[in-house]
Every structure is written in C-alpha cells, then in structure tokens.
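Novice: Got a predicted model here, sequence first, then my questions.
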Amino acid sequence: MELIRPTPDEARAGLRAMVTVARAPGWIAPPARALIDAAQGFLLGTDLDVDRIEGIEPADVACVLERRGMRRQLVQGMILVSMASG
C-alpha cells in the first residue's frame, strides 16, 4: 500500500474527520489519541492538540478531498480510529 501525502488543506480536513470519529463515544480514547498523534507526526506533518481540533461535516470533507486515493486513505484511517476508540 502506497501512502499518499496530503496537501495542507487535505491534512487539516482529514485530521478533523479523524477527530470527529474519535469523539463519537463522547470522549477520545487513549488508543485513538495515540493513533491520531502518530498520523500527525508521520504522515500529516502537524503537531496539533487533539483536544482543540474542531469536528467537521462529511460534506465539508468531500469539498476538500477531491483525489480518490486520498479519500480512500482517509476512510481507512477513520476505520482505524473507530476501532481504536473501542
């Protein structure tokens, strides 16, 4: 599997989407937080405080992520965050 490097706008939208999924249970579980932090450091090139990241609506993510491969990669990341959230 080849990782696609997101643009800065894609990275922000994707990070917000992952945080939205992570908050679904009402709080961010430590494993989900660790996964998001790892994604920031390894793939996104960001170092944002997860607790300060705003959620995002699906339509807003779709407007920013136009590349099919980037969308697929984000969905895979969101699935991992969901599983890490318990």
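Specialist: Here it is on my side, so go on.

Novice: ok, the nearest residue to Q40 once chain neighbours are set aside - contacts?
Specialist: In space, and not counting its chain neighbours, Q40 is closest to T46: 4.6 Å by Cβ to Cβ, 6 or more residues apart in numbering. No exception for glycine: its C-beta is placed from N, CA and C like everyone else's. T46 makes contact with 11-12, 15, 40, according to Cβ atoms under 8 Å, 6 or more residues apart in numbering.

Novice: Over to M78?
Specialist: M78 sits next to 17-18, 21 when contact means Cβ under 8 Å, 6+ apart.

Novice: just to revisit the earlier point, pick out the most distant pair among the contacts of T46.
Specialist: R12 and Q40 (10.9 Å; Cβ to Cβ).

Novice: Please report how far A38 lies from A32.
Specialist: 11 Å (Cβ to Cβ, to the nearest Å).

Novice: what about the two, which has more around it?
Specialist: A32 (25 against 11; other Cβ atoms under 10 Å).

Novice: Over to that one. Which of the three states is it?
Specialist: Going by DSSP: H, G, I helix; E, B strand; the rest coil, the secondary structure assigned to A32 is helix.

Novice: wouldn't it be in contact with G77 here?
Specialist: No. Taking contacts as Cβ atoms under 8 Å, A32 lies outside contact range of G77: 11.0 Å.

Novice: how near is R23 to V50?
Specialist: Separation of R23 from V50 (Cβ to Cβ): 9 Å.

Novice: Kindly report the same for E2.
Specialist: E2 sits 26 Å away from V50, going by Cβ to Cβ.

Novice: So the two - more neighbours on which side?
Specialist: Neighbours of E2 and V50, each counted by other Cβ under 10 Å, are more numerous for V50; the result is 17 against 5.

Novice: looking at it, that one is touching L35, isn't it?
Specialist: No. Assessed by Cβ under 8 Å, V50 is found out of contact with L35, at 10.2 Å.

Novice: Next, the buried residues of the longest helix that the chain contains.
Specialist: Of all the segments assigned as helix in the chain under DSSP state H, the longest by residue count is helix 68-84. The neighbour-count check on helix 68-84 (16 or more other Cβ atoms under 10 Å) flags 70-71, 73-74, 77-78, 80-81, 84 as buried.
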